[in-house]
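> need a structure here:
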Amino acid sequence: MIWIFERANERLRCEIHRESAGPGYELVVTHPDGSQRMERFEETSALIKRSLDLQMELIEAGWRAVQPILDLWAST
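Numbers count the residues shown, from 1 in each chain. Coordinates of the predicted model:
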């Protein structure tokens with residue numbers, strides 16, 4: 001799943017995908033400068049909670065979603 005957020009002339013990308021080398025998940029945030037921050041989760045419930053918290057943090061910081069959620073798992 002991918003979310004794109006925008007603030008002024010900046011874009012920020014949040015992506016959730018399955019871990020390549022294990023049963024867990026990764027939440028990757030790509031900042032406007034290209035730097036990335038990754039968080040790993042074993043439990044789906046923890047991933048969902050963190051992704052919702054992150055979305056709220058971004059909205060409160062002035063970011064807004066500019067693209068609908070893309071579900072990349074639907075094609076797998």
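> nearest the middle, which residue of the chain would you pick?
Residue closest to the average C-alpha location in the chain (Cα atoms, centre = their mean): residue 14, at 2.6 Å.
> thought that one was touching residue 27?
Yes - counting by Cβ atoms under 8 Å, residue 14 touches residue 27, with 7.1 Å between them. Placement of C-beta: from N, CA and C, glycine included.
> and for these two, which residues touch both?
51, 54 (Cβ atoms under 8 Å, 6 or more residues apart in numbering).
> which ones are touching the residue nearest to the centre of the chain?
Residues in contact with residue 14 (Cβ under 8 Å, 6+ apart) are 2, 3, 4, 5, 27, 28, 29, 30, 51, 54, 55, 58.
> so which of those residues comes closest to residue 37?
Distance ranking of those against residue 37, using Cβ to Cβ, places residue 29 first at 4.8 Å.
> check which helix or strand covers the closest residue to the closest one other than its chain neighbours.
Nearest residue to residue 29 in three dimensions, chain neighbours excluded: residue 37, at 4.8 Å (Cβ to Cβ, 6 or more residues apart in numbering). In the assignment (DSSP states H and E), residue 37 maps to strand 36-41.
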